[in-house]
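J.: Coordinates for the following, if possible.
(2 chains)
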Amino acid sequence: MAIAVPFLGHGVGLRPKHFPQLWDGTARVDWFEAISENYMVAGGRPRAALERARSMAPLVLHGVSLSIGSTDPLDEAYLRALGDLVARMEPAWVSDHLCWSGVGGHYAHDLLPLPYTEEALAHVVRRVVAVQERLGRQIIIENVSSYLTYTHSTLAEWEFLGAVAERADCGLLLDVNNVYVSATNHGFSADAYLAGLPPDRVGQIHLAGHTDMGTYLFDTHDGPVIEPVWDLYRQALRRFGRVSTLVEWDDHIPELDVVCAEAERARAVEAEVLEGANAAPA
Amino acid sequence: MLPLRELQLRLSTALSGGPTGTGAVADAVDPALLALVNDRGGLGPARRLDIYADMYRARLVDVLREDFPRVLAILGDKEFRALACRYLARHPSTHPSVRYVGRRLAEFVAGEATLPPFLADLARLEWARVEVFDAPDAEPLRLSDIESLPATDWPALRLRPIPACLVVECAWPVHEIWAAAEDPAPGRAGTGRPEASTIRVWREGWSVSHAAMGDLERRVFPLLEQGEPFARLCAAGEAGLEPAAAAREVGSLLMRWLEDGLLARLPA
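T.: Take a look at the predicted model:
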């Protein structure tokens, strides 16, 4: 089985700061990724902006609060609101993160890491299946940056992620920057990570900037993608082929042309890798 | 090894700083939790947990900063952060969206005796502005929609405010405090006197506005919200006025509501 999503090209995140430049029609945008929760509202500017963006280019919904790994029951009101948004906007796909965001009825609004155990795997698989049934479509799950790992994990993160995708029949959103950040923070091999993922499950790639805090890397999404992450992206392209890619920029957001330039660089890197590969002698 | 749920409950408690919301993880070590976190390189388990605890507070305090800019301006960064941390410890987020994190801040501020007495009202006004920002849309009523109505239709005409409109009852003139807090001189916002005010908050297009209601509007608006006919609105405006004068006053009010985009288009 594989994830069935179209190739959309190289997108940008939909951010209010960029609305004026987007609406004047001068920017070239292959597709938009919108944070689902920001648009799960009754009305006003957010909803109107999302509808306008949807009329300009394909749209993908990217959630941060599904909390797929939480041991609380799935939030019915949240799923209903997400389902309504999906029905209204008809996104190319819906994604969220392999993490938990809260428990005991309280939300931390963070992407908290799971232990990679058989118990957690069975739990996550059950919930991904339930969400997919609820939404009537496959979803795509993203690897998160993390700052801690658990002593009782029995699987590598990539083994866990791949197993979730295979057993729940969902897709993967490979965040290359998160692989780089977590590999540095925990001392695992980013190469092994990419090599361990099932290629036909990767439906989207994220790139982003991060901050070097001295003793660890912090996933801040507040700057350009660094060269080692571009190199890892090249590796990902060699392994997974052409995959819809988006550069995330969520803090200290620059003008739209700067974000678009990063998307264009991703396009150029893809051409360099894949056209180079095609041209290479067998 | 802890079962997944137990792990999550302990970690959640550790990240939100325990009962007081003020301690770092390292200051309130949960031995069972620390034993589950790998110790690698220069970062021990407590420091790794602290990264998450710091992120938790930073993220949610930032959300409150954005939603309560005038409360922030009056308190200053340090005191606002302390208030936000106390609030988050008492009222952790219970909604998947951070949009709702501040929904009980005004209530919490009202119970904090050391804060300026008007601050809870100011927080209520700021929260109303958040609520109105993404409230349901409605096509506004325009003068051209009703100007050709026969005079005989007016007494029974039932107008309604748009959904993106809230009324905030305050014990302080917080519309003035809100305006003064945009560029607060030291002590300036704290020198006002209590004075009951009723403030309507509404959205016109994508812009959120608010305005203090006068006596007439304060009497008439509840009837508008209840969908009472125009004749009842005029009757409510009659306090001390002849009926014709009251109708003129209510007519002027109606014109202002129309200009503000405050009325919803009549059903077809």
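
J.: Show me what from the stretch 151-268 of chain B comes close to chain A.
T.: Applying Cβ under 8 Å from any Cβ of the partner chain, one finds that the stretch 151-268 of chain B approaches chain A through B:163-164, B:203, B:206. For the C-beta atoms, the positions are set from N, CA and C on the backbone; glycine is no exception.

J.: Compare those residues and tell me which has the most neighbours.
T.: Counting neighbours by other Cβ atoms under 10 Å in any protein chain shown, B:R203 comes out on top of those with 27 neighbours.

J.: Spit out the contact partners of the closest residue to that one other than its chain neighbours.
T.: Spatial nearest neighbour of B:R203, excluding adjacent residues (Cβ to Cβ, 6 or more residues apart in numbering or on different chains): B:A164 at 3.9 Å. Residues counted as contacts of B:A164 (Cβ atoms under 8 Å, 6 or more residues apart in numbering or on different chains) are A:43-44, B:132, B:135-138, B:202-203.

J.: Chain A versus the most centrally placed residue in chain B, what's the distance?
T.: Nearest to the geometric centre of chain B sits B:W127, at 0.8 Å (Cα atoms, centre = their mean). Distance of B:W127 to chain A, given as Cβ to the nearest Cβ, to the nearest Å: 15 Å.

J.: quick one: what helix or strand has that residue in it?
T.: B:W127 belongs to helix B:119-133 when assigned by DSSP states H and E.

J.: so how many other residues sit close to residue 70?
T.: With no chain named, the answer covers chain A. 25.

J.: ah, I was thinking of chain B
T.: B:R70 has 22 nearby residues by other Cβ under 10 Å.

J.: which is the next helix or strand following the helix or strand containing it?
T.: Element membership for B:R70 (DSSP H and E) is helix B:69-75. Scanning forward in sequence from helix B:69-75 by DSSP H and E, the next helix or strand is helix B:77-90.

J.: re earlier: show the model's pLDDT score for the residue nearest to the centre of chain B.
T.: If you check B:W127, the pLDDT there is 98.

J.: Check B:G240 too.
T.: With respect to pLDDT, B:G240 has a value of 74.

J.: what's next to the helix holding B:W127, contact-wise?
T.: A:44-45, B:67-71, B:74-75, B:99, B:102-103, B:105-107, B:109-110, B:164-166, B:168, B:170-172, B:174-175, B:177-178, B:181, B:199, B:201-203, B:208, B:210.

J.: And the buried ones among those residues, selectable in PyMOL?
T.: Of the contacts of helix B:119-133, the buried ones go into a single PyMOL selection, burial set by 16 or more other Cβ atoms under 10 Å in any protein chain shown:
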select buried, (chain A and resi 44+45) or (chain B and resi 67+68+69+70+71+74+75+99+102+103+105+106+109+164+165+166+168+170+172+174+175+177+178+181+199+201+202+203+208+210)
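
J.: now, which of the contacts of helix B:119-133 lie within helices?
T.: A:45, B:67, B:69-71, B:74-75, B:105-107, B:109-110, B:174-175, B:177-178 (DSSP state H).

J.: For the stretch 101-250 of chain A, which residues are neighbours of chain B?
T.: For the stretch 101-250 of chain A, the residues found near chain B under the criterion Cβ under 8 Å from any Cβ are A:101-110, A:112, A:114-115, A:117, A:119-120, A:123, A:147-152, A:185-187, A:215-216, A:218.

J.: swap the cut-off to 6 Å and go again
T.: A:103-110, A:119-120, A:147-152, A:215 (Cβ under 6 Å from any Cβ of the partner chain).

J.: Please narrow those to those residing in helices.
T.: Going by DSSP H, the helices hold A:119-120 from those.

J.: which of the residues of the stretch 101-250 of chain A next to chain B are buried?
T.: Among these, those classed as buried by 16+ other Cβ under 10 Å are A:103, A:106-110, A:119-120, A:147-150, A:152.

J.: Just the ones of these in strands?
T.: A:103, A:106-110 (DSSP state E).
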